[in-house]
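Participant: could you work out the structure for the sequence below:
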Amino acid sequence: MYSIKYLQDKIKTEVEKLDFDLKPRLLYEPIAYTLSIGGKRLRPLLLLMSCDMFGGDLNDSINPSIGVEIFHNFTLIHDDIMDNAPIRRNKPTVYKKWNANIAILSGDVMFAKAYDYMLLTNPNALLNVIKTLNYVAIKVCEGQQYDMDYETEDNISIDDYINMIRLKTGVLIAGSLKLGALIAESSEKNAELIYQFGEKIGIAFQIQDDLLDAYSVNSKFGKSTGGDIVSNKKTFLLLKAFELADKNTLSELKDLMYKLKIDPEEKVQKVIAIYDKLDIKMTAIKEMKSYFDEGLRYLDMIDIKEDNKSNLRNFVNDLINREY
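Facilitator: Presented below is the predicted three-dimensional model:
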């Protein structure tokens, strides 16, 4: 089994080899910029870890892992336009640094490039690899559409939200793990179990991101703290507050959301004060851990040696225990 650091270093090396010094400059420069500012590179790492866990060849999985990283960053470029997000990983987003049209077109090229790298894999697994990426791409788009729909809909339930983040976040994490299993030619049952594991921990990670947006230190998280609150994004925290608030508190919360003239920092502080009054932080942590534990049960059911699962188990445990 390869160490996590070895796999992370391998991904870093391969990403740094990517050459986007091409023309037209304004098409390729944003791609190089996006991939150069790093991030956790969680999805390619999960693909490599899954392939290794099932006894696959790293040489068969490294190019698809880069494809997953390119695909993920393509989705972020487009999401940032739709979400009007100014900051990503402590840097200006592509559409802010250039403009929306450039960001859209550069993202389109990244989508195509992702498939180029997916094709460089185990020929025996190639058809299922492409089918899986197609499925993931469609589901991520469905999740993003729900996310946009919910911006203007008032009666969004917690279940609606969980389904949206399952599609928008969980499916790509799950798909990355399944791709690793497919490349390693694991059994169909094990490939499905690792997918289900990924979906559940993906939901947990998104609830964690909701928490981090509200409660983290900006420099640690790489995004504007309280950005979801300022933009009235319907996160788990906000929807749970709607559910638990009494009439007066609900009125106060909605007034803060729709007040046109309010300092963003003041709005964040007042909304978090409501969250604290309703114990929303602890409720969200419990929900996050519930999905995470459910994911681990799928990992337990995978029919391979427990030692082979230890790297993945330890890695996701570390991620879910980040500070708030």
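Participant: pull the CA coordinates from the strand or helix carrying Phe111 and hand them back as PDB.
Facilitator: Using DSSP states H and E, Phe111 sits in helix 100-118. Extracted in PDB, the C-alpha atoms of helix 100-118 (Å, rounded to 0.1, in the frame of the first residue of the first chain):
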ATOM      1  CA  ALA A 100     -17.600  35.400 -16.900                       C
ATOM      2  CA  ASN A 101     -17.300  34.700 -20.600                       C
ATOM      3  CA  ILE A 102     -13.600  33.700 -20.300                       C
ATOM      4  CA  ALA A 103     -14.400  31.600 -17.200                       C
ATOM      5  CA  ILE A 104     -17.200  29.700 -19.100                       C
ATOM      6  CA  LEU A 105     -15.000  28.900 -22.100                       C
ATOM      7  CA  SER A 106     -12.000  27.900 -20.100                       C
ATOM      8  CA  GLY A 107     -14.200  25.600 -18.000                       C
ATOM      9  CA  ASP A 108     -15.500  24.000 -21.200                       C
ATOM     10  CA  VAL A 109     -11.900  23.200 -22.300                       C
ATOM     11  CA  MET A 110     -11.200  21.700 -18.900                       C
ATOM     12  CA  PHE A 111     -14.300  19.400 -19.300                       C
ATOM     13  CA  ALA A 112     -12.900  18.100 -22.500                       C
ATOM     14  CA  LYS A 113      -9.400  17.700 -21.100                       C
ATOM     15  CA  ALA A 114     -10.700  15.700 -18.300                       C
ATOM     16  CA  TYR A 115     -11.900  13.100 -20.700                       C
ATOM     17  CA  ASP A 116      -8.600  13.000 -22.500                       C
ATOM     18  CA  TYR A 117      -7.000  12.000 -19.200                       C
ATOM     19  CA  MET A 118      -9.700   9.500 -18.400                       C
END
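Participant: which strands and helices sit next to the helix or strand following it?
Facilitator: Moving toward the C-terminus from helix 100-118, the next helix or strand (DSSP H and E) is helix 126-152. Applying 3 or more CB pairs under 8 Å, 6 or more residues apart in numbering; DSSP states H and E, we find helix 126-152 packed against helix 58-83, helix 100-118, helix 158-165, helix 171-183. The C-beta positions use only the backbone N, C-alpha and C, and glycine is treated the same way.
Participant: give me that answer again for 6 Å
Facilitator: Applying 3 or more CB pairs under 6 Å, 6 or more residues apart in numbering; DSSP states H and E, we find helix 126-152 packed against helix 158-165, helix 171-183.
Participant: list the contacts of the shortest one.
Facilitator: Helix 158-165 has contacts (CB atoms under 6 Å, 6 or more residues apart in numbering) with 143, 146-147, 203, 206, 239.
Participant: please repeat the previous calculation with a cut-off of 8 Å.
Facilitator: 143, 146-147, 150, 202-203, 206-207, 234-236, 239-240, 243 (CB atoms under 8 Å, 6 or more residues apart in numbering).
Participant: got a list of what Ala241 touches?
Facilitator: Contact partners of Ala241, counting by CB under 8 Å, 6+ apart, are 253, 274-275, 278, 280.
Participant: also Gly295?
Facilitator: Contacts for Gly295 (CB under 8 Å, 6+ apart) come out as 196-201, 204, 316.
Participant: repeat that with 10 Å
Facilitator: Gly295 makes contact with 170, 173-174, 196-205, 316, 320, according to CB atoms under 10 Å, 6 or more residues apart in numbering.
Participant: ok, now Gly170?
Facilitator: 139-140, 143, 162-164, 195-196, 198-206, 291, 295.
Participant: try Leu256
Facilitator: 229, 232, 262, 266-268, 270-271, 273-274.
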